[in-house]
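Asker: Turn this into a structure:
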Amino acid sequence: MRSILTSILLALTLVMGAASPAIAQHNHALEADANFDDFLNTVDALPTPEVLERFPDAETRLLDVATDAEATVFRRWRATSMLSNFNSPEVRQALITLTEAADDDLRGMALLVLGAGYLEGGNAEVLATIEARLSDDDASVRADAVRALAYGHGPQITERLERIAAGDDARQAKIATRALARMGHNPQ
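Answerer: Coordinates of the predicted model:
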């Protein structure tokens, strides 16, 4: 009896061992999705390039979450912030679109990532998008638009920041004045 039981256990071990790569591969895909969700939901600093390398399709997945109207605002906001790690036409276009999102926090984050990643090159569409939000209904979005402008350089940016610094909106003026000071300009 014992040898039959031992034979059955040995056979099961061999069968399970042969099947384990298929099982492991299936679990690996599920585990990767769970890890990506954990990664996205973690309240932490932006991920390092080493962390992002664990997810070769991170840009696509982050774009999907950022633009998913059914996702929670937090997940969309977090994905949008993480898009700062990528520089592609698809990301730029998604960020431009997100500056018109219904949620003010999402609009603000899209502006900041857009300014930090795409304003430097003097892209007219990016500049126009940021400027359009200077008159947003929400004060925090207007402030984020000024912060986004502060990522840029050159006479166009300096002139816009000087105008804002001299304007009536005290919060925007303060942000613009600080940005100009960092650039070595005296707004007065």
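
Asker: got a list of what Ala58 touches?
Answerer: 36, 52, 82, 85-86 (CB atoms under 8 Å, 6 or more residues apart in numbering). C-beta here means a position set from N, CA and C on the backbone, and glycine is covered the same way.

Asker: Quick one: buried ones out of those?
Answerer: Buried subset of the contacts of Ala58 (neighbour count, 16 or more other CB atoms under 10 Å): 36, 52, 82, 85-86.

Asker: just those residues now: which is nearest Ala181?
Answerer: Asn85 (28.7 Å; CB to CB).

Asker: TSV for the contacts of Ala58, including distance to Ala139?
Answerer: Listed next are the contacts of Ala58 as TSV, based on distance: CB to CB, whole Å:
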residue	distance to Ala139
Phe36	34
Leu52	33
Met82	26
Asn85	29
Phe86	29
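
Asker: By mean pLDDT, which helix or strand of this protein comes out lowest?
Answerer: Ranked by mean pLDDT, DSSP states H and E, the weakest helix or strand in the chain is helix 2-41, scoring a mean of 46.

Asker: Helices of the chain, residue ranges please.
Answerer: With helices called from DSSP state H, the chain shows them at 2-41, 49-53, 58-66, 73-82, 89-98, 104-118, 124-132, 139-149, 155-165, 170-182.

Asker: Give me the packing partners of the fifth one, helices and strands only.
Answerer: If I follow you right, that is helix 89-98. The helices and strands touching helix 89-98, judged by 3 or more CB pairs under 8 Å, 6 or more residues apart in numbering; DSSP states H and E, are helix 58-66, helix 104-118, helix 124-132.
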